[in-house]
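Undergrad: no sequence on this one, just coordinates:
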């Protein structure tokens with residue numbers, strides 16, 4: 001069995017976190033000699049197997065007695081004791097799950113009861129591996145070796161010639177390809193459905209990826225890896241698993257502070273929908289909307305926002321309108337699926353992507369309200385300043401705003417495409433948007449102006465990303481790059497290999513061949529965004545005193561093949577900025593990356609500042625987990641879609657804690673003082689988050705008054721262990737002072 005270097009062991013993480021965690025350790029020690037005290041709203045007890053008390057094991061309580069399905073999960077302490085606090089009055093099914101075990105028999109209990117659980121020691125490695133996260137199984141994929149790159153095409157090794165390195169290939173089978181929408185390695189994806197059992201294994205893979213409404217996109221991704229070589233690779237993987245091969249390593253059980261995690265889940269939306277994001281508060285002030293409703297975005301699946309009341313455990317739907325009858329909608333499945341046949345389970349026109357609260361509790365979100373062709377005020381000949389500088393012909397999404405006080409939704413036409421959005425901390429409440437990676441511009445809405453005039457043309461602006469190549473400190477005529485970024489149907493970028501036009505002119509400025517995917521806004525009003533592709537990078541946009549005329553950009557590539565950088569990585573996707581202006585990115589290479597511009601030594605503008613001018617600004621942290629077969633590059637095989645920085649300590653791990661989504665490891669992963677804290681969701685296996693935010697409901701209530709919300713966001717919730725009928729879920733993470741705290 002191949003060993004894996006774990007990120008920390010037990011108390012090391014506790015000793016490494018000052019203040020809050022020191023208190024947590026003291027509380028834990030005080031509880032060790034006392035039995036768990038079970039309150040009227042708690043269920044508690046012990047977990048033991050034939051080997052004795054089982055530490056670091058999850059205990060799961062689930063009920064359907066409430067208006068929506070409710071699940072709560074905790075972890076046992078080092079003596080195998082547990083306490084599930086603050087359960088609504090209901091009848092619960094309760095059981096224990098842990099690595100090295102087979103689930104305990106399910107018991108029935110009400111709050112106030114003691115329930116002792118008896119899981120079985122796994123009789124063999126196969127029974128134990130059944131509960132491993134998807135990335136441990138996906139690591140068995142026999143990825144082409146480094147010596148097979150660059151690819152030599154269909155007449156050579158079957159790898160496309162545009163894939164120049166193994167790292168580029170890994171990016172396509174992870175964050176920017178296969179795992180952008182769902183997890184690989186869970187039980188459903190590591191086996192072949194019965195519907196395709198009569199096909200050759202490689203042909204079974206060709207056919208299975210054509211299933212359902214995303215079949216065209218999935219088939220395209222497989223082809224981009226090599227139309228013959230890639231199906232053979234995936235077929236080899238599932239065949240070896242069918243023949244009994246198992247993961248070469250096992251995940252660790254929760255340790256230290258990880259045993260203090262309390263996870264609550266609620267069903268919402270519907271079994272045919274999927275969820276991309278949620279929002280619970282204003283990201284600039286986590287006390288906004290305290291104890292209020294949670295809203296989600298079902299993107300390609302539905303024309304509504306799912307709504308959760310986490311206090312009363314009820315769900316609802318907010319219908320999202322679109323303006324024009326010719327607004328595009330979803331089509332039919334490419335091929336029938338094993339779950340839904342040829343039923344078109346998605347019916348959206350609006351493809352709502354990213355919601356955001358403002359300071360007054362209004363909900364802003366990206367939505368498609370019309371067909372792609374822009375109105376005249378966006379194009380050449382318009383009097384709008386942005387259109388005069390950078391006319392825009394098409395946009396894939398626009399904006400909408402919902403006022404809970406009036407129950408009214410307003411639609412706002414934008415010239416620029418919208419994807420992610422964030423408010424600046426300024427007097428005009430500027431709402432910045434990313435485009436999803438394509439489009440070549442970054443747009444914003446002056447919401448103060450919009451509230452005053454309801455004039456979309458007057459209230460918006462956008463800018464190209466222009467580098468100060470001639471180093472005169474101002475924006476001048478620039479070399480125009482072709483926007484050759486490939487885009488998906490919703491306007492989201494599929495990536496590009498180069499963001500900087502190679503034909504620069506030292507006497508002029510240079511336009512970046514890029515748009516933003518993830519975005520972050522600093523407290524002083526500077527905008528940062530990620531550029532998809534390989535190796536990809538980040539852009540700093542300074543709007544200047546009078547944007548768009550004064551807006552200037554700087555580009556910083558992720559360190560790759562750079563002898564000046566101690567660790568190499570690639571392909572950022574989600575990003576955020578902490579309270580000190582440090583940028584944090586989720587990297588497809590299996591890292592969390594940070595970039596601190598204050599560390600840069602060389603010129604940040606000029607003819608040589610095309611991305612590699614500040615390797616010293618980057619720090620890359622390899623995330624926990626195994627590697628793929630044949631891969632020795634730095635980085636785990638975990639897929640990381642987005643990252644959020646907990647600036648206000650809403651979770652209890654400290655201010656400015658970066659938290660990344662572990663999309664193939666059923667987890668959120670926090671980086672605390674250089675050490676990782678893994679917050680795993682053990683049921684239903686397949687947890688797949690795409691965004692998160694933290695809210696403080698009551699600053700005087702300790703851990704109970706705060707926490708991080710996310711949503712279970714895979715495009716195929718029916719791939720989870722609970723199968724067809726599984727509802728998407730809101731997930732609330734909290735960290736208490738010790739594993740037995742009420």
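TA: Thanks, I have it. Owing to the predicted nature of the structure, the values given are computational and were not obtained by experimental measurement.
Undergrad: Mind listing the residues bridging to residue 443?
TA: Per DSSP bridges, the residues bridged to residue 443 are residue 433, residue 462.
Undergrad: wait, what's in contact with it?
TA: Applying Cβ atoms under 8 Å, 6 or more residues apart in numbering, we find residue 443 in contact with 414-418, 432-433, 435, 460-462. For the C-beta atoms, the positions are set from N, CA and C on the backbone; glycine is no exception.
Undergrad: residue contacts, residue 102?
TA: Neighbouring residues of residue 102 by Cβ under 8 Å, 6+ apart: 119-123, 127.
Undergrad: Filter these down to the ones in helices?
TA: Assigned to helices by DSSP state H, the following of the contacts of residue 102 qualify: residue 127.
Undergrad: Could you report the neighbour count for residue 113?
TA: The number of residues packed near residue 113 is 15, by other Cβ atoms under 10 Å.
Undergrad: Pull the contacting residues for it.
TA: 38, 43.
Undergrad: Equivalent analysis for residue 286, please.
TA: By Cβ under 8 Å, 6+ apart, the contact set of residue 286 is 648, 650, 693-696, 706.
Undergrad: which of these lies closest to residue 405?
TA: Lowest distance from residue 405 to the contacts of residue 286 (Cβ to Cβ) belongs to residue 695, with 19.5 Å.
Undergrad: Pipe the contacts of residue 102 into CSV and attach neighbour count and pLDDT per row.
TA: CSV is the format used below for these (neighbours: other Cβ atoms under 10 Å; pLDDT from 0 to 100):
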residue, neighbour count, pLDDT
119, 22, 98
120, 13, 98
121, 13, 98
122, 18, 98
123, 9, 98
127, 14, 98
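Undergrad: Kindly indicate which of the contacts of residue 102 lies nearest residue 603.
TA: Nearest to residue 603 among these, counting by Cβ to Cβ, is residue 122 at 58.6 Å.
Undergrad: In terms of secondary structure, what does the longest helix seen in the chain contact?
TA: For the chain, the helix with the greatest residue count under DSSP H is helix 229-242. Secondary-structure packing of helix 229-242 (3 or more Cβ pairs under 8 Å, 6 or more residues apart in numbering; DSSP states H and E): helix 201-208, helix 215-224.
Undergrad: Buried by neighbour count: which residues of the first one qualify?
TA: For helix 201-208, burial by neighbour count (16 or more other Cβ atoms under 10 Å) applies to 201-202, 204-208.
Undergrad: what's the answer for stretch 433-448, then?
TA: Across stretch 433-448, burial judged by 16+ other Cβ under 10 Å covers 433-447.
Undergrad: can you give me the end-to-end distance of it?
TA: 16 Å (Cα to Cα, to the nearest Å).
Undergrad: And for stretch 239-246?
TA: End-to-end distance for stretch 239-246, by Cα to Cα: 12 Å.
Undergrad: got the contact list for that stretch?
TA: In this structure, residues lying in contact with stretch 239-246 by Cβ under 8 Å, 6+ apart are 125-126, 129, 137, 140, 190-192, 201.
Undergrad: re earlier: which one among the contacts of residue 102 gets closest to residue 38?
TA: residue 119 (20.3 Å).
Undergrad: Now do the contacts for the closest one.
TA: Residue 119 neighbours (Cβ under 8 Å, 6+ apart): 47, 49, 54, 57, 96-98, 101-104.
Undergrad: Then residue 323?
TA: Listed by Cβ under 8 Å, 6+ apart, the contact set of residue 323 reads 369-370, 411, 413.
Undergrad: ditto for residue 477
TA: The neighbours of residue 477, taking Cβ under 8 Å, 6+ apart as the test, are 508-509.
Undergrad: Which pair of the contacts of residue 323 spans the longest distance?
TA: For the contacts of residue 323, the farthest-apart pair by Cβ to Cβ is 370 and 411; their separation is 8.8 Å.
Undergrad: low-scoring pLDDT stretches of the stretch 151-300 of the chain, where are they?
TA: Residues of the stretch 151-300 of the chain meeting the criterion pLDDT under 70: none.
Undergrad: quick one, what contacts residue 96?
TA: 47, 54, 57-60, 76, 103-104, 117, 119.
Undergrad: I meant residue 525, not that one.
TA: Counting by Cβ under 8 Å, 6+ apart, residue 525 makes contact with 424-426, 430, 543.
Undergrad: which among those residues end up buried?
TA: Neighbour-count burial (16+ other Cβ under 10 Å) applied to these gives 424, 430, 543.
Undergrad: give me the number of residues near the residue nearest to residue 544 when sequence neighbours are not counted?
TA: In this structure, residue 544 finds its nearest non-sequential neighbour in residue 550, 2.7 Å apart by Cβ to Cβ, 6 or more residues apart in numbering. By other Cβ under 10 Å, the residues close to residue 550 number 13.
Undergrad: I'd say residue 550 and residue 475 touch.
TA: Yes - counting by Cβ atoms under 8 Å, residue 550 touches residue 475, with 6.1 Å between them.
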